[in-house]
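Student: Mind looking at a prediction? Sequence and model below.
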Amino acid sequence: MSSKPVIVFVSSVYPSQHSPLCEELNRSGLAEAWFMTHPSHAAKYGPTATNVIPFQPDGDIMGEPPYFYLGKQDRSARISRGVLTALQAFEAEKKKKIDVVVCHYFWGSPQFLYDEIDAAIVSYVEYPSFRMHGWDPKYPPTEGQRLADVQNEMLTFHQVVRSDLTIVPTEFAKSLLPVELQSRARAQFEAMEFGDLTPHPRTEKRFTLAFSARDLSSCKGLELYARVVDRLVKRRIKMRFLAIGSEKTATYSFEPQWLETTYGNKDISFLEHLMVHHSGARAIEAPGRMPYDEFSKLLSQVDLFLYPLKNGVGNWGIVEIMARGGCVIATDNAFLPEIIKDGVNGVLLPDDADDLWVEKVIELRNDPEQRARLSAAARETGLSYRAELLAPKFMQLFYEAMAIRDRRMGRAAAVVPMRAAVS
């Protein structure tokens, strides 16, 4: 190993979970870090980002799979074959050995790297399968989707078994792995870059209650939000209601196909469906997806956020809200208790107690001092996930992976520099 380790992050998607970390490792000098991504992203971001380079997948990774049940396996194989070729070319062209390869478990699939390269292999696994992640039984997957999910679960387990180390976003995500595999995983939330956190001028005079997530789905808890809004409206509680996120997509759940079956060919979103059954929810404004600058401005207009997550392993959205000083009421399940301490930097409530949510919203609306205290603590928590603070913790994990690799290959372990050893 050279004076500082050479680390290559791999994902077909850029920016992605570890792109801020890659930038910070180079900025701080903790490592020589590279990010290997799809050629289209490398061409777009390479001129402005540090050490972003392409790999060419072995064929189309976005087309129809030759066999439905092996769709993700086909895509992963094409990605992994291209990654192996690119890593071998990297070492030959730059005449340096890679110390660690950090692969997104799906978009940077590592399965063809085992026994083919000398670098320590670290897999980043969000969750093993949709089955383990969980979905709302009211909106279930089809039989075909369930069977295909079994194949994906097998692939993920194989990566955990073969990788020198697996990183998962939270302890809750780690708990989804079989007990026999949990000792091979380490929980570490992603290192984040927030940009300008200066609050935008407040232009909205009404008290504003908001739901914010990448998608307005059951998984993210939109149904509970709609029920709470419905009750507030019917009690004539005056405030503005926002649902920020994409209306027509569901990243981790299956409502779109359920809506299509239920409503035929009618183009209806999940939020519109909820408005049919909860008339008060028609007061919700849904601005849709928006550019990041507009999104951050809109967050500054919100007094109170509801984050009623049903299923999730480490959503960055809640950390973004908290880093911007958002006052949050969230569900007390999944990974959220790892980040939110009830009554300290937010409020945690069960997801089956609508009346409690309504009363807490009214209480916080009428208590600006309590909101300010929770918001200040939330901001402190959110900012603790900045890349500059988490980079040394990640380096500890990468050195651990190198030590595991060295033992596996019968080598003497590398010495961990003091800066990386300090968390």
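Tutor: On my side now, so go ahead. If you're wondering where the values come from, they're calculated on a predicted model, not measured in any experiment. Numbering: from 1, shown residues only.
Student: if I look at Ile362, how far off is Lys238?
Tutor: Ile362 sits 11 Å away from Lys238, taking C-beta to C-beta, to the nearest Å as the criterion. Using the backbone N, CA and C atoms, a C-beta is placed for each residue, glycine as well.
Student: Which strands or helices does the helix or strand hosting Asp230 pack on?
Tutor: Element membership for Asp230 (DSSP states H and E) is helix 222-234. Helices and strands touching helix 222-234, by 3 or more C-beta pairs under 8 Å, 6 or more residues apart in numbering; DSSP states H and E, are strand 208-215, strand 240-246, helix 270-277, strand 284-285, strand 304-307, helix 354-365.
Student: Now do the contacts for Val122.
Tutor: 100-103, 163-167, 397-398, 401 (C-beta atoms under 8 Å, 6 or more residues apart in numbering).
Student: Listing request: residues of the chain with sub-threshold pLDDT.
Tutor: Scanning the chain for pLDDT under 70 picks out 1-2, 265, 413-423.
Student: Centroid-wise, who is the farthest residue in it?
Tutor: Relative to the mean C-alpha coordinate of the chain, counting by C-alpha atoms, centre = their mean, the farthest residue is Arg236 (36.4 Å).
Student: quick one: secondary structure of that residue?
Tutor: Put simply, Arg236 is coil when judged by DSSP: H, G, I helix; E, B strand; the rest coil.
Student: Same question for Met36.
Tutor: For Met36, the assignment made with three-state DSSP gives strand.
Student: wait, it sits on Val10?
Tutor: Yes: counting by C-beta atoms under 8 Å, Met36 touches Val10, with 4.8 Å between them.
Student: any common contacting residues for the two?
Tutor: Contacts common to Met36 and Val10, judged by C-beta under 8 Å, 6+ apart, are 55, 83, 108.
Student: Please parse this structure into its domains.
Tutor: Following automatic domain parsing, one gets these domains for the chain: 6-193+386-421, 208-383.
Student: measure the shortest one end to end?
Tutor: I take that to be domain 208-383. Taking C-alpha to C-alpha, to the nearest Å, the first and last residues of domain 208-383 lie 23 Å apart.
Student: And stretch 101-115, by the same measure?
Tutor: Terminal residues of stretch 101-115 lie 13 Å apart, using C-alpha to C-alpha.
Student: Within its local environment, how many residues does Gly29 see?
Tutor: Counted with other C-beta atoms under 10 Å, residues neighbouring Gly29 total 10.
Student: Renumber starting at 52 from here on
Tutor: Okay, residue one is now 52; in that scheme the one you just asked about reads as Gly80.
Student: secondary structure class for the residue lying closest to it once chain neighbours are set aside?
Tutor: Leaving aside its chain neighbours, Gly80 sits nearest to Lys55 (6.8 Å; criterion: C-beta to C-beta, 6 or more residues apart in numbering). Following three-state DSSP, the label given to Lys55 is coil.
Student: any idea what sits nearest Leu275, other than its immediate chain neighbours?
Tutor: Counting by C-beta to C-beta, 6+ apart, Pro359 is the residue found nearest to Leu275 once chain neighbours are left out, at 3.9 Å.
Student: Thanks a lot, see you next time.
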